[in-house]
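**Student:** Pasting the sequence and the predicted model now:
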Amino acid sequence: ADLPETSGFFEFGKENSWEPDSVIMFSGGLDSFAGAIEELVERKNKVALISHHSSTKIGKVQKHLSSELAKKVGSDKLLHIPITVQLTKGTNREGTHRTRSFLFASLGIITARAFSRSNVSFYENGLVSLNIPPVSNVLGARATRTTHPKTLNVFSSFFSRVFSTTCQIDNPYFWRTKKEVVEVIDKLAFSDLIKDTRSCADVHNLTTRYTHCGRCSQCVDRRFAMLAAKIERFDPEDAYRVELLTGKRKTVTDKEVALSYVRLARQYQLLPMGQLLVQFPVLSRVIDQLHEPPETSLGRLKELLARHGSYVTEVMENALSSEAYEEAHTSSLLKLHGVESVNAALESLGRGTSMASADKEDLELVLKFSSDEKRVSVNSLFDLNGVNCQVLHTLAQKHLASAGHGLVAEEYETIRTNQLAKIWGLDGEEAVRRRVLRLRNRLKKGLDSAQKTRFHDAEIIESFPHHGYRLNPDIVRVLYERRGDRERA
């Protein structure tokens, strides 16, 4: 059953006899869906599903899934409560996602307290909760922090004080891999609804045909789990714009997202815990948050990472030895990983260099401005001056300011189009768009001439409707010459 969305406040009085045994956050993704099924079917609990959405597309997904669950387990077993919270016109603009997890937890605990409950569960697999960068050298800063053990412990303490009672915000799936999560869905005979769940980060560009982009780390993670659990038939391949193993990956970021995911999985599988702690310091920050002896936590963490690494590696090895490898596009994950594996083997024998080393400079675009800020070198390949340099300089200043404030990549600030028009003395926003387009074309021409076609023009300067422009923090590094050839980044 679904409650209509409401504004203001809501309360459940004594005339409403229905009460949940558990309250869980329900996003419409695989993990929360699996958690809901476990609560309903295995534990036979009555469950309140609390959803928040900022996109109507996801709202429809959540409502559909809860409705289908109700049909299978009985409408008296669950209550779906969708909630929308947005800043109203005239309020301060929030340009980051730092308060997102607090918002989710607040919605959950407030609803739980309305039912006289004190526990709220986020169901999310352990690899996501650990917040290890999903892509080591490109996209690490974009990992979620919503269910990190420290975050949940802090929330539990805070809400306990607010409500003057012991509140618990937990994650029952912390010790499970994504594969183990989807196996729950299959075991409990709900696999037919997998196609209706959503994992993709690129929500706004999803269509009826393409429900997943296939390029983001969430899609990569989802698809590997499906293949490893051997239930990919319930997750249609043609629902992905880019198929995981054989699909064409056009941009350097898309390639690196997929490649780094596989590289990290291999490290999780093979490296001893000591080396993992050195390479991924984030792991050390979770040890004292798990309420058990450190040596126990370390052992369990190593086992969790090894299980994840093992199934990802197995999927890749099986695919590399299959007919699909010969038919795959040269820019597909299969071919890219195959070449990288061969080069790594040659390098270990002292012959040649690995693709990762050879392509390292292609993963980063360095903009180096002269000391007078009238000329900018692009990867030491070609220079830009005049208006093009001015545009890059303006965006670079905002880029450096975001870096200086310690923002993660997804939070790097944009400059609105009307602000750029004022800075550049242009007459209107259309003139700004034309100026940025000319720069993009010039960058593309220069990079094409230098045979650096792996950089797609739209990657370098990102544009966001209603927000403006910024340099892409995933691939752009900014340097400034100073006297004595000193640089600052």
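**Tutor:** Now that the structure is in, tell me what you want to look at. Numbering: from 1, shown residues only.
**Student:** Verify the stated contact: Ala229 with Glu183.
**Tutor:** Yes - in this structure, Ala229 is within contact of Glu183 by Cβ atoms under 8 Å, at 5.1 Å. C-beta here means a position set from N, CA and C on the backbone, and glycine is covered the same way.
**Student:** out of the two, which sits in the busier spot?
**Tutor:** Ala229 (22 against 19; other Cβ atoms under 10 Å).
**Student:** Which residues are in contact with the more buried one?
**Tutor:** With contact taken as Cβ atoms under 8 Å, 6 or more residues apart in numbering, Ala229 is in contact with Lys179, Val182, Glu183, Asp186.
**Student:** Tell me how far the last one lies from Leu479.
**Tutor:** Counting by Cβ to Cβ, to the nearest Å, the gap from Asp186 to Leu479 is 51 Å.
**Student:** next one: the helix or strand hosting Gln218 to chain centre, how far?
**Tutor:** Using DSSP states H and E, Gln218 maps to helix 217-229. Counting by Cα atoms, centre = their mean, to the nearest Å, helix 217-229 is centred 13 Å from the centre of its parent chain.
**Student:** Beyond it, next helix or strand please.
**Tutor:** Assigned by DSSP H and E, the successor of helix 217-229 is helix 252-270.
**Student:** Which helix or strand in the protein has the lowest average pLDDT?
**Tutor:** Least confident helix or strand, the chain: strand 486-488 with a mean of 39, by mean pLDDT, DSSP states H and E.
**Student:** How confident is the prediction for the nearest residue to Gln390 once chain neighbours are set aside, by pLDDT?
**Tutor:** The shortest distance from Gln390 to any non-neighbouring residue, by Cβ to Cβ, 6 or more residues apart in numbering, is to Trp424 (7.0 Å). Trp424 carries a pLDDT value of 95.
**Student:** distance of the nearest residue to Tyr311 once chain neighbours are set aside from Gln267?
**Tutor:** Nearest residue to Tyr311, sequence neighbours excluded (Cβ to Cβ, 6+ apart): Ala228, at 3.9 Å. As for Ala228, its distance to Gln267 is 18 Å (criterion: Cβ to Cβ).
**Student:** Which one of these two is surrounded by more residues?
**Tutor:** Ala228 (23 against 15).
**Student:** who's in contact with the more buried one?
**Tutor:** Counted by Cβ under 8 Å, 6+ apart, Ala228 has contacts Lys179, Tyr311, Val312, Glu314, Val315.
**Student:** Also Arg470?
**Tutor:** Per Cβ under 8 Å, 6+ apart, neighbours of Arg470: Leu395, Lys398, His399, Ser402, Tyr412, Glu413, Thr414, Ile415, Ile461, Glu462, Phe464.
**Student:** most surrounded residue in these?
**Tutor:** That'd be Leu395 among the contacts of Arg470, by other Cβ under 10 Å, with 26 neighbours.
**Student:** Can you name the helix or strand that it falls in?
**Tutor:** helix 386-404.
**Student:** Give me the mean pLDDT for the helix holding Gln218.
**Tutor:** Mean predicted confidence for helix 217-229 is 96.
**Student:** Also compute the angle for it relative to helix 252-270, please.
**Tutor:** 50 degrees (axes from the mean of the first three to the mean of the last three Cα atoms, to 10 degrees).
**Student:** just to revisit the earlier point, correct me, but the residue nearest to Gln390 touches Arg435?
**Tutor:** Yes - taking contacts as Cβ under 8 Å, Trp424 lies within contact range of Arg435: 6.9 Å.
**Student:** In terms of neighbours, single out the busier of the two.
**Tutor:** Arg435 (18 against 14).
**Student:** can I assume that one sits in a strand?
**Tutor:** No - per DSSP: H, G, I helix; E, B strand; the rest coil, Arg435 lies outside any strand segment and is helix.
**Student:** tell me the contacts of the nearest residue to it once chain neighbours are set aside?
**Tutor:** Spatially, and ignoring its direct neighbours in sequence, Arg435 is nearest to Val391 (6.1 Å; Cβ to Cβ, 6+ apart). Going by Cβ under 8 Å, 6+ apart, Val391 touches Trp424, Arg435, Val436, Leu439.
**Student:** From Leu193, how far out is the second one?
**Tutor:** What it means is Arg435. 48 Å.
**Student:** Strands along the protein, start to end?
**Tutor:** For the chain, strands defined by DSSP state E occupy the ranges 22-25, 47-52, 78-83, 119-121, 168-170, 365-369, 375-378, 382-385, 461-464, 468-471, 476-482, 486-488.
**Student:** Please identify the deepest-packed of the ones you listed.
**Tutor:** strand 47-52 (a mean of 26; mean count of other Cβ atoms under 10 Å).
**Student:** Sheet-wise, list the partners of it with their directions.
**Tutor:** With DSSP bridges as the test, strand 47-52 is paired with strand 22-25 (parallel), strand 78-83 (parallel).
**Student:** correct me, but Pro236 touches Ile194?
**Tutor:** No - Pro236 lies out of contact with Ile194 (Cβ under 8 Å); the separation is 9.5 Å.
**Student:** More neighbours: which of those two?
**Tutor:** Ile194 (21 against 12).
**Student:** ok, and the closest non-adjacent residue to the more buried one?
**Tutor:** Phe234 (4.3 Å).
**Student:** And for that neighbour, the neighbour number?
**Tutor:** When neighbours are counted by other Cβ under 10 Å, Phe234 comes out with 16.
**Student:** what sits against Glu327?
**Tutor:** Here Glu327 is in contact with Thr246 (Cβ under 8 Å, 6+ apart).
**Student:** ok, now Lys398?
**Tutor:** Lys398 neighbours (Cβ under 8 Å, 6+ apart): Tyr412, Glu413, Thr414, Ile415, Arg470, Leu471.
**Student:** that older thread, can you pull the buried residues of the helix holding Gln218?
**Tutor:** Within helix 217-229, the residues that count as buried by 16 or more other Cβ atoms under 10 Å are 217-229.
**Student:** Over to stretch 421-441?
**Tutor:** Buried, per 16+ other Cβ under 10 Å, within stretch 421-441: Ala421, Leu426, Val432, Arg433, Arg435, Val436, Leu439, Arg440.
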